[in-house]
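Undergrad: give the three-dimensional model of this entry:
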Amino acid sequence: MTAQTNPAPPAAHPVDRLYRLAAGNRLLAAVLGLTALALLLAALLPQAPPASAQQSTERWLAETASRYGSLGGLMQGAGLFDLRHSPWLLALLGLLAFILLLRLGLAVQDARQRLRDVDPAAAAQAAQRWPLHAELSLAGQVETTAAELAEDLRSEGWRVVSATADSRTHLAAERSVWGVLAPPLFYLGLLIVLAGLWLGQQAGWREVDLALAPGQPVRLSQDDRVALTASPAPVGERVDRVVVQRDGQPAKERSFALLDMAYAAGVLVRRTGEGQALSASARDAAGNPVPLQPVDRSGPPQQALTLIFDQPRAERLFLAPDSQLVFSVVAFPALPERGFDGPTFLVQAFPPGQQTPIANQFIQDGAELAIDDVVYTLTAGRFITAEASHSPGLALIIAGGGLALAAALLALGRPAGRLALTVQRQRAGVLVAARLEAAPFWRQAAAWLAAWSTTYSREDPAPTRTDSP
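TA: As a prediction, this is how the structure comes out:
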């Protein structure tokens, strides 16, 4: 008997070995572990908010670092309180994108070889390293047996390509086309997500601590073409809608739906809190509007004014310029000692140069004060605090995430598997050598090969064996 040995595969080129090392599972696992650690630190440690009118980012970082004692300076220097702008995290994400790009290249090459440039003889040679093997002794001719095997596999949904060489017929069968395409689609989706995150980092912005009240548009400092206004709400109910107005475009009103967020005109608005507000307007005896103005004259006179109370027992002042009356309004969450169980306002009016009010009244839902033939209408309401953000890469993030999710579902629902069959003549009949390589998600691969070999065995079925890769 003559022993037949398979020729050793040629040594891989050093560049190819380096390529596969950089795209290997170990490096990917290390980078993913470091990225997960960074995300965990971002969740556990306070992160710097965008600069606002109340506080700068530098001041916030200094105050936060001081709470951690001697370690605070090191943590601040390492960027742990501002991971979103940390250079090492950006470099880590860049390395992750590079590895995914390399793996995408390998996955595309593998899919091309398995679906388009199929070489059954080369597949049989590569199958020597595949873990699942089985051998069958069948009666019949090589060509007839190979044709029957190919037809049966096609009837089960396999994609089969055959070739004859050296009195042997090689068959390469692919179980799932979508299962083969799933890995490159998955890597492509993740790369699109990373591209969206990078675009949002470079061109996006976020603005916090916005106080939005009905009737008072607030222009964003990050994009002064956009103004936000809280929609009016019935007395006693929370504000659940916001109006987004971009210059040159119609105003769009949106409700705070999922996760207290609303999206319009390219701006994502998230409601972060709410509080008491009071709307004030006035008319004279003839029914004409009387202008009102903040007491510090920070804005022009208005026909209607909305006061925001962001703290309990906060006091706000406004002025009636025509009569020089100064109004003081103090907000209380409740005054049970005076019989007020809900939000209550104490309204007082002071003439010029006097410290004794000529009007002094507690109101809850609303009231009208008549002073010198002018009726002042006060209506209780609510305001919201919000943050606004713009991410030009949001569409890429959603599209890439959807593509990656669809690819993962394809890999789970129809996992890939390729079968290499070599049919050759033996002393009595033909010998069929079957080798199977299955995706990790095809857990029944060994059982399928055992059942398949049992179906075709004319004698005692040859056992299916698993070799160490």
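Undergrad: only C-alpha atoms for contact and neighbour calcs from this point on.
TA: Fine.
Undergrad: so where do the strands sit in the stretch 251-400 of the chain?
TA: Ranges of strands within the stretch 251-400 of the chain are 252-255, 261-264, 267-283, 293-294, 304-309, 315-320, 325-332, 344-350, 359-363, 366-371, 374-390, based on DSSP state E, counting those that start in this stretch.
Undergrad: got a markdown table for these, with mean neighbour count, mean pLDDT and distance to Ala416 too?
TA: What follows is those, written out as a markdown table (neighbours: other Cα atoms under 10 Å; pLDDT from 0 to 100; distance: least, Cα to Cα, whole Å):
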| stretch | mean neighbour count | mean pLDDT | distance to Ala416 |
| --- | --- | --- | --- |
| strand 252-255 | 16 | 92 | 44 |
| strand 261-264 | 20 | 91 | 40 |
| strand 267-283 | 20 | 90 | 40 |
| strand 293-294 | 20 | 88 | 70 |
| strand 304-309 | 21 | 86 | 61 |
| strand 315-320 | 19 | 91 | 68 |
| strand 325-332 | 21 | 92 | 66 |
| strand 344-350 | 21 | 92 | 67 |
| strand 359-363 | 15 | 90 | 71 |
| strand 366-371 | 15 | 89 | 69 |
| strand 374-390 | 21 | 90 | 40 |
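Undergrad: out of the ones you listed, the one nearest Pro14 is which?
TA: strand 374-390 (45.6 Å; Cα to Cα).
Undergrad: for the chain, where's the lowest mean pLDDT among helices and strands?
TA: Every helix and strand of the chain was ranked by mean pLDDT, DSSP states H and E. The lowest is strand 465-466, at a mean of 48.
Undergrad: hmm, back to that, which one of the strands of the stretch 251-400 of the chain lies nearest to Trp60?
TA: Between the strands of the stretch 251-400 of the chain, strand 374-390 lies closest to Trp60; by Cα to Cα that is 17.6 Å.
Undergrad: and that closest one with strand 315-320, angle?
TA: 120 degrees (axes from the mean of the first three to the mean of the last three Cα atoms, to 10 degrees).
Undergrad: strand 374-390 pairs with which strands?
TA: strand 205-212 (antiparallel), strand 267-283 (antiparallel), strand 366-371 (antiparallel) (DSSP bridges).
Undergrad: could I get the CA-only coordinates of that strand as PDB?
TA: C-alpha atoms of strand 374-390 as PDB (Å, rounded to 0.1, in the frame of the first residue of the first chain):
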ATOM      1  CA  VAL A 374     -54.800  98.700  34.700                       C
ATOM      2  CA  VAL A 375     -55.600  95.000  35.000                       C
ATOM      3  CA  TYR A 376     -52.600  92.700  35.400                       C
ATOM      4  CA  THR A 377     -53.200  89.100  34.400                       C
ATOM      5  CA  LEU A 378     -51.000  86.500  36.100                       C
ATOM      6  CA  THR A 379     -51.100  82.900  35.000                       C
ATOM      7  CA  ALA A 380     -49.200  80.000  36.700                       C
ATOM      8  CA  GLY A 381     -47.400  77.600  34.500                       C
ATOM      9  CA  ARG A 382     -44.300  75.400  34.100                       C
ATOM     10  CA  PHE A 383     -41.000  75.700  32.400                       C
ATOM     11  CA  ILE A 384     -38.500  73.000  31.500                       C
ATOM     12  CA  THR A 385     -34.700  72.700  31.500                       C
ATOM     13  CA  ALA A 386     -33.300  71.100  28.500                       C
ATOM     14  CA  GLU A 387     -30.100  70.300  26.600                       C
ATOM     15  CA  ALA A 388     -29.800  70.600  22.900                       C
ATOM     16  CA  SER A 389     -27.400  68.800  20.700                       C
ATOM     17  CA  HIS A 390     -26.600  68.500  17.000                       C
END
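Undergrad: format the strands paired with strand 374-390 as JSON lines; extra columns: distance to Val430.
TA: Formatted as JSON lines, these follow (distance: least, Cα to Cα, whole Å):
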{"stretch": "strand 205-212", "distance to Val430": "70"}
{"stretch": "strand 267-283", "distance to Val430": "68"}
{"stretch": "strand 366-371", "distance to Val430": "96"}
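Undergrad: ok, back up a step: got JSON lines for the strands of the stretch 251-400 of the chain, with distance to Tyr68 too?
TA: Below are the strands of the stretch 251-400 of the chain laid out as JSON lines (distance: least, Cα to Cα, whole Å):
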{"stretch": "strand 252-255", "distance to Tyr68": "40"}
{"stretch": "strand 261-264", "distance to Tyr68": "33"}
{"stretch": "strand 267-283", "distance to Tyr68": "27"}
{"stretch": "strand 293-294", "distance to Tyr68": "42"}
{"stretch": "strand 304-309", "distance to Tyr68": "33"}
{"stretch": "strand 315-320", "distance to Tyr68": "35"}
{"stretch": "strand 325-332", "distance to Tyr68": "36"}
{"stretch": "strand 344-350", "distance to Tyr68": "41"}
{"stretch": "strand 359-363", "distance to Tyr68": "46"}
{"stretch": "strand 366-371", "distance to Tyr68": "48"}
{"stretch": "strand 374-390", "distance to Tyr68": "28"}
